[in-house]
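[1] mind folding the following:
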Amino acid sequence: MIDLHQEQAISAAADGPCGPLLNNLQAGILKSYHRDHVRLLVLRFTAEPETCRKGLRAFAETRVTSARRHLDETSEALGKRLKGPVCSFFLAAAGYEALGFDPAELQRRFTAPSPFFNGMVQWAWALQDRCKEWDEPYKKERRIHALVFLAEATPTRADRLAAKVEAELKGFAAVLRKEAGAALRDEDGRSREPFGYVDGLSQPLFFQQDLEKQKRRDGIHPWNPLAPLSLVLVRDPYADGEDCFGSYLAFRKLEQNVGGFDKGIEELAAKVTQGDKEMARALVAGRFPNGTPVLMSPMASDNGLRDFNNFDYSSDSGGARCPFHSHIRKANPRLDKTREKRIVRRGIPYCEEDGRQGLLFLSFQSDLLSQFIS
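    Predicted structure coming up:
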């Protein structure tokens, strides 16, 4: 039996102790998808529970990508952008009920905090959301039963895959909404989010090979990015096997007002940094746009400090160099007592025809309330 709380990097070997777990687990939870184009299908089941269960069983067997297969493909690509589809499937609490599961039994088996059962709308007060401004059908999320995540190497491949999947689901599910995301990359091929910052830094690491890479690059003292599996995985309460786990997914479509942000940076620079807009951007995020931590350098660096991750805030307890309100310090204070509150981020930028842009934000965690909301 696997101890999820063990503070030790796991082997990605097929014949290792976690081999069965990786065969049963979906791709993307423990390792990034490594594809530049994403399609999300928001679903509502339209058939009787038994028909839906039969359809989902066939869909899972033929389409859903296992963590094992994804790891093998990633290893073979040797760091290149991967080709070939990745598919993940996520059930909402309302989806379980639509499949015929008893609500009271769901609560008992999952022992999950209420965000999973109540949904984002009911927790808008905690997240300071304005639900009236949400796109449909997110305003009435109890109508949403499931989410299909599809990733591919090119937009043409992604669109073709989405069309095939929608046709396969047609007998038991309707697509309420489609979302499209595409990675934004700089001249060095690094992913950036719409505000211009390098994205995807400082992720929790689970695999030995990834931890060894971090050791060679930056070191792991004082900050060790290692995370136990318990950070993201929970046992599947309806599976019979010992090696069957899943995770709680949070999905949010976050619009980013780039023009408004740039204006705010100008105002901040005039008040705080003597007109230095680059430093103002760094203070807001905690990193310069190219990834250099503001704690480690007073300017954006092109040397080894770019994307640097081996630091904590012990030398800046008063927040004089990296403000307490900066994004990276709020998201990860880098304290032992907050290590279990980290999340795994798998978001990707979107840009719509009307000019709206932002992030299709996805995160995995073992506890929505303590890790995502609080």
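[2] break down the stretch 201-350 of the chain into its helices, ranges please.
    Per DSSP state H, counting those that start in this stretch, the stretch 201-350 of the chain carries helices over the ranges 208-217, 258-272, 277-285, 327-331.
[3] got a list of contacts for the third one?
    Pointing back at helix 277-285 there. Where contact means CB atoms under 8 Å, 6 or more residues apart in numbering, the residues beyond helix 277-285 that reach it are 196-197, 265-266, 268-269, 272-273, 288-289, 292, 294, 298-300, 322-323, 326-328. Backbone N, C-alpha and C define where each C-beta goes, glycine included.
[4] re earlier: need the helices of the stretch 201-350 of the chain in a markdown table with mean pLDDT, can you?
    Output for these, formatted as a markdown table (pLDDT from 0 to 100):
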| stretch | mean pLDDT |
| --- | --- |
| helix 208-217 | 96 |
| helix 258-272 | 98 |
| helix 277-285 | 98 |
| helix 327-331 | 96 |
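[5] show me the strands in the stretch 51-200 of the chain, by range?
    86-91, 146-152, 173-182, 184-185, 191-192 (DSSP state E, counting those that start in this stretch).
[6] turn the ones you listed into a markdown table, including mean pLDDT and distance to Tyr313.
    Output for these, formatted as a markdown table (pLDDT from 0 to 100; distance: least, CB to CB, whole Å):
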| stretch | mean pLDDT | distance to Tyr313 |
| --- | --- | --- |
| strand 86-91 | 98 | 34 |
| strand 146-152 | 98 | 34 |
| strand 173-182 | 98 | 32 |
| strand 184-185 | 96 | 29 |
| strand 191-192 | 96 | 25 |
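[7] run the chain-centre distance for stretch 172-179.
    21 Å (CA atoms, centre = their mean, to the nearest Å).
[8] check stretch 268-278 too.
    32 Å.
[9] check stretch 19-26 too.
    How far stretch 19-26 lies from its chain's middle: 19 Å, per CA atoms, centre = their mean.
[10] convert the C-alpha atoms of it to PDB, please.
    Below are the C-alpha coordinates for stretch 19-26, written out as PDB (Å, rounded to 0.1, in the frame of the first residue of the first chain):
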ATOM      1  CA  GLY A  19       3.600   1.700 -11.300                       C
ATOM      2  CA  PRO A  20       0.000   0.500 -10.600                       C
ATOM      3  CA  LEU A  21      -0.900   4.000  -9.300                       C
ATOM      4  CA  LEU A  22       0.400   5.700 -12.500                       C
ATOM      5  CA  ASN A  23      -1.500   3.200 -14.700                       C
ATOM      6  CA  ASN A  24      -4.800   4.100 -12.900                       C
ATOM      7  CA  LEU A  25      -4.200   7.800 -12.500                       C
ATOM      8  CA  GLN A  26      -5.100  10.400 -15.200                       C
END
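[11] so which bits of that stretch are buried?
    20-22, 24-26 (16 or more other CB atoms under 10 Å).
[12] equivalent analysis for stretch 107-118, please.
    Neighbour count says stretch 107-118 has 110, 112, 115-117 buried, by 16+ other CB under 10 Å.
[13] now the farthest one out in this structure, which residue is it?
    Gln274 (36.2 Å; CA atoms, centre = their mean).
[14] thinking again about what came up before, now tabulate the buried residues of stretch 107-118 in CSV and tack on distance to Arg342 and pLDDT.
    Converted to CSV, these look like this (distance: CB to CB, whole Å; pLDDT from 0 to 100):
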residue, distance to Arg342, pLDDT
Phe110, 22, 89
Ala112, 19, 68
Pro115, 17, 91
Phe116, 19, 94
Phe117, 24, 92
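[15] with respect to Ala92, which of those is nearest?
    Phe116 (8.3 Å; CB to CB).
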